[in-house]
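Peer 1: fold the following and give me the result.
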Amino acid sequence: MYSLKEIHDISYDFLKELQAIVRENNIDVYLDSGTLLGAVREKDFIPWDDDVDLVIKRSDYNKLVKIIDGKLSSKYEFIPTSAYNGLFFDFTARFIYKDGTLRDVTPEDAAYDNMQNRIAFDLFILDNCPDNEFLHKIQVIKTKMYYGMAMAHRYNVDMSKYSGLDKIKVSVLTKLGKLYKLDTIIKKFNRNALRYDNVESGRYWAPTYILKEVHYTYRKEWYDGFSEFPIRDTMFKCPKDAVSVLTTMYGPDYMTPPPEAERISLHI
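Peer 2: Residues are numbered from 1 along each chain as shown. Okay, here's the model as predicted:
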């Protein structure tokens with residue numbers, strides 16, 4: 001188990017290692033979400049944040065997958081969208097730090113081979129989405145549907161966490177998901193994510209974001225090039241228009257920290 005300081009130290013070392021790899025191979029990986037906000041607002045990690053968020057365009061992701069295995073040091077492992085020991089956790093690609101776990105190992109952690117019980121560096125993928133808002137809403141609905149179906153292949157689904165319409169949706173989708181193999185659901189999810197890959201549009205979306213954020217869209221010009229912001233003593237690549245990205249995610253007051261009651265570590 002780790003303190004927040006240890007998590008931040010390990011995360012900083014990982015980001016420097018990854019940045020050296022992607023620069024050498026002409027691949028753009030940007031800070032994203034809370035990690036981007038930390039770099040802009042704190043010039044460091046957000047004090048209570050306990051993971052790293054990164055984002056990459058689909059074309060660069062495809063290049064990264066081809067080269068990453070032989071480049072990372074043995075401390076880290078790259079996990080693309082896949083089953084965790086045969087079970088569904090989520091659709092997010094990520095890097096994990098292999099030395100030690102975030103908490104005492106539970107039977108559920110063991111079932112996932114502890115792959116979700118590690119210091120993690122999430123890698124979200126930017127895909128084309130249509131300029132037509134109705135078509136994109138359909139795409140988002142399908143993403144949520146496939147997520148619900150994939151939940152049928154989790155170690156456990158705690159229905160007490162849900163109520164009302166959400167409980168009905170989860171119940172129906174997990175029953176439907178049991179009719180399909182997990183690999184089939186993952187393929188359906190990926191096909192939907194890439195539905196507009198070859199269509200000209202002015203927007204990206206990130207289909208592996210958490211469900212309450214999966215509908216966000218981002219103008220392509222925000223990522224046409226890059227800016228740089230510091231974490232500690234190192235400058236890291238960020239979206240060219242980091243202000244517009246952060247405003248989309250957190251609203252215009254993103255430079256104001258939340259109330260103390262909301263400063264919560266999500267994983268430890």
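
Peer 1: ok, and what's touching stretch 150-157?
Peer 2: Residues from elsewhere that reach stretch 150-157 (C-beta atoms under 8 Å, 6 or more residues apart in numbering): 83, 87-89, 91, 108, 111-112, 170, 173-178, 182, 185-186, 189. Bear in mind the C-beta positions are built from the backbone N, C-alpha and C, glycine included.

Peer 1: and those, which are buried?
Peer 2: 83, 87-89, 91, 111-112, 170, 173-174, 177, 182, 185-186, 189 (16 or more other C-beta atoms under 10 Å).

Peer 1: same for whatever helix or strand Leu246 lives in, what does it pack against?
Peer 2: Here Leu246, judged by DSSP states H and E, is contained in helix 242-250. On a contact count with 3 or more C-beta pairs under 8 Å, 6 or more residues apart in numbering; DSSP states H and E, helix 242-250 meets helix 33-37, strand 217-219.

Peer 1: deepest-packed of those, please.
Peer 2: Neighbour counts (mean count of other C-beta atoms under 10 Å) averaged over each of the helices and strands packed on helix 242-250 peak at helix 33-37, with a mean of 24.

Peer 1: which elements pack onto it?
Peer 2: Counting by 3+ C-beta pairs under 8 Å, 6+ apart, helix 33-37 packs on strand 52-57, helix 242-250.

Peer 1: partners of the shortest one, with directions?
Peer 2: Pairing partners of strand 52-57, with direction, according to DSSP bridges: strand 30-31 (antiparallel), strand 120-129 (parallel).

Peer 1: list the buried residues of the helix or strand following it.
Peer 2: As assigned by DSSP H and E, the chain's next helix or strand after strand 52-57 is helix 58-67. Under the neighbour-count criterion of 16+ other C-beta under 10 Å, helix 58-67 has 60-61, 63-64 buried.

Peer 1: can you list those in CSV and add distance to Ser73 and pLDDT?
Peer 2: What follows is those, written out as CSV (distance: C-beta to C-beta, whole Å; pLDDT from 0 to 100):
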residue, distance to Ser73, pLDDT
Asp60, 21, 97
Tyr61, 21, 97
Lys63, 20, 97
Leu64, 16, 97
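
Peer 1: show me the two of the residues you listed that sit farthest apart.
Peer 2: The most widely separated members of the buried residues of helix 58-67, counting by C-beta to C-beta, are Tyr61 and Lys63 (7.3 Å).

Peer 1: go through the helix holding Leu246 and flag the buried ones.
Peer 2: 242, 245-246, 249-250.

Peer 1: now do stretch 190-210
Peer 2: 190, 192-193, 195-196, 201, 203-209.

Peer 1: taking those one by one, which sit in helices?
Peer 2: 190, 192-193 (DSSP state H).

Peer 1: could you dump the buried residues of helix 58-67 to JSON lines with distance to Cys238?
Peer 2: Shown next, in JSON lines, are those (distance: C-beta to C-beta, whole Å):
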{"residue": "Asp60", "distance to Cys238": "15"}
{"residue": "Tyr61", "distance to Cys238": "17"}
{"residue": "Lys63", "distance to Cys238": "20"}
{"residue": "Leu64", "distance to Cys238": "18"}
